[in-house]
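A.B. asks: Below are the sequence and a predicted model; questions follow.
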Amino acid sequence: RAKSHQRSSFSYFTVDMGVEIRERVRMMHALRAAFENERLFVVYQPQIDMRTERAVGAEALLRWKTEDGQFVPPDQFIPIAEYSGLIVDIGEWVLRSACFELIELHQLGFTDFKMAVNVSQAQFSHPLFLESLKRALHDTKAPAHCVELEITESMAMTDPELLIQTLFQIKQLGAQVSIDDFGTGFSSLSHLQKLNVDKLKIDRAFVNEISDKSGEGSIAKMIVQLSQSLNIKVIAEGVETEHQADTLMSFGCHLAQGYLYARPLTKEDLRSWLAKK
Ligand code: C2E
Ligand code: MG
Ligand code: MG
Ligand code: MG
């Protein structure tokens, strides 16, 4: 099932398949070279408590700038990284970079600041994942309770037993777990309860539905209510307007991430952004 999930990120078989495979292989080599030559970097998007408009944490997001100065969007290269297995090493590097930045921020006085890191299926189900998490926490001295791993709902469905076990061990280490893009992956509600995660991230698509004109955001509202009855935290992704922020707060959702507050920032820009707040 893991395989078919990975494959689903690619287009269907076509007469252009030969070209597409060549293009993918080319991208894979380019990505590996970029990783080795340190042309990948991590940006940080603040996560806000909408009541105070203060940042409580950030999400680490990977960026790839090619030699000719172009940015390749993560939605294009993350699937290649997953498919080729490169995501295991790259993901570990993102985790370690984010933990180092977390510690820097704590030392600059932003104590209690949290850091969220995306973890993909291939990484999460790798036999050495827990070891690499342990090592990252140990080497960076990042407090585990300030580190949050974002997994997706579809991962929650591939291998429930492995997932429950891995989540249990992440909890033992003291780290937090959230479900990214929540609402898009059709996971069963009883399953969700068993997973014992700390937070749901409302997918941007449902925040988008909160518009001045038509949508009232009924799915976003439902997800907030679900989080309340499961007694877990909830954050909205992709908040772009005051109206969306106000509506989400009226639903009882107080955490948000989105262009209304800040775009993903380089670590230098994050520091100056935080200092100005
Ligand atoms: P995600 O984890 O759901 O990250 C949120 C995405 O929404 C980011 O896109 C962010 O830049 C974008 N975003 C935030 N606020 C707004 C907003 O107000 N409006 C709009 N239109 N977009 C907003 P990004 O950085 O392009 O990343 C896309 C996806 O790539 C991520 O979605 C995540 O699934 C994946 N990704 C990024 N970095 C990593 C990584 O280090 N590891 C793994 N495994 N996946 C990653
Ligand atoms: Mg995420
Ligand atoms: Mg998301
Ligand atoms: Mg996404």
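C.D. replies: Done, it's in. Ligands and ions are numbered 1, 2, ... in the order given.
A.B. asks: mind listing what the residue most central in space within the chain touches?
C.D. replies: Nearest to the mean C-alpha position of the chain, by CA atoms, centre = their mean, lies residue 118 at 3.5 Å. Residue 118 sits next to 59, 60, 61, 62, 91, 94, 150, 180 when contact means CB atoms under 8 Å, 6 or more residues apart in numbering. No exception for glycine: its C-beta is placed from N, CA and C like everyone else's.
A.B. asks: Tell me what it is bridged to.
C.D. replies: Assessed by DSSP bridges, residue 118 has beta-bridge partners residue 150.
A.B. asks: burial of residue 30, as a residue count?
C.D. replies: 17 (other CB atoms under 10 Å).
A.B. asks: right, is the strand ranked longest in the chain up against ligand 1?
C.D. replies: Looking across the chain with DSSP state E, the single longest strand is strand 54-65. Yes - with CB under 6 Å from any ligand atom as the measure, strand 54-65 is seen reaching ligand 1 through 61, 62.
A.B. asks: about what we covered before: now that we have the contacts of residue 118, can you turn them into CSV and tack on pLDDT, neighbour count and distance to residue 169?
C.D. replies: Formatted as CSV, the contacts of residue 118 follow (pLDDT from 0 to 100; neighbours: other CB atoms under 10 Å; distance: CB to CB, whole Å):
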residue, pLDDT, neighbour count, distance to residue 169
59, 98, 24, 23
60, 98, 22, 21
61, 98, 18, 25
62, 98, 22, 25
91, 98, 24, 17
94, 98, 22, 20
150, 97, 19, 17
180, 95, 23, 20
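A.B. asks: ok, those vs ligand 3, which is closest?
C.D. replies: Lowest distance from ligand 3 to these (CB to the ion) belongs to residue 180, with 4.2 Å.
A.B. asks: What is the three-state secondary structure of that closest one?
C.D. replies: strand (DSSP: H, G, I helix; E, B strand; the rest coil).
A.B. asks: how near is the closest residue to it other than its chain neighbours to residue 243?
C.D. replies: Excluding its sequence neighbours, the residue lying closest to residue 180 (CB to CB, 6 or more residues apart in numbering) is residue 150, at 4.3 Å. Distance, residue 150 to residue 243, by CB to CB, to the nearest Å: 26 Å.
A.B. asks: Report the residue spans of the chain with pLDDT below the cut-off.
C.D. replies: Residue ranges of the chain with pLDDT under 70: 1-19, 156-157, 186-187, 212-215.
A.B. asks: Point out the residues in it that sit beside ligand 2.
C.D. replies: 118, 150, 180 (CB under 5 Å from the ion).
A.B. asks: could you dump these to CSV with distance to residue 135?
C.D. replies: As requested, the residues of the chain next to ligand 2 are exported to CSV (distance: CB to CB, whole Å):
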residue, distance to residue 135
118, 19
150, 20
180, 23
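A.B. asks: filter the residues you listed down to the ones near ligand 1?
C.D. replies: 118, 150, 180.
A.B. asks: when you check ligand 3, which of those turn up near it?
C.D. replies: Restricting those to those near ligand 3 - CB under 5 Å from the ion - leaves residue 180.
A.B. asks: Pretty sure residue 122 sits against residue 87.
C.D. replies: Yes - checked against CB atoms under 8 Å, the pair residue 122 and residue 87 is within contact range at 5.2 Å.
A.B. asks: tell me the contacts of the residue nearest to residue 180?
C.D. replies: 59, 116, 117, 118, 119, 177, 178, 179, 180, 201.
A.B. asks: From residue 116, how far off is it?
C.D. replies: 5 Å.
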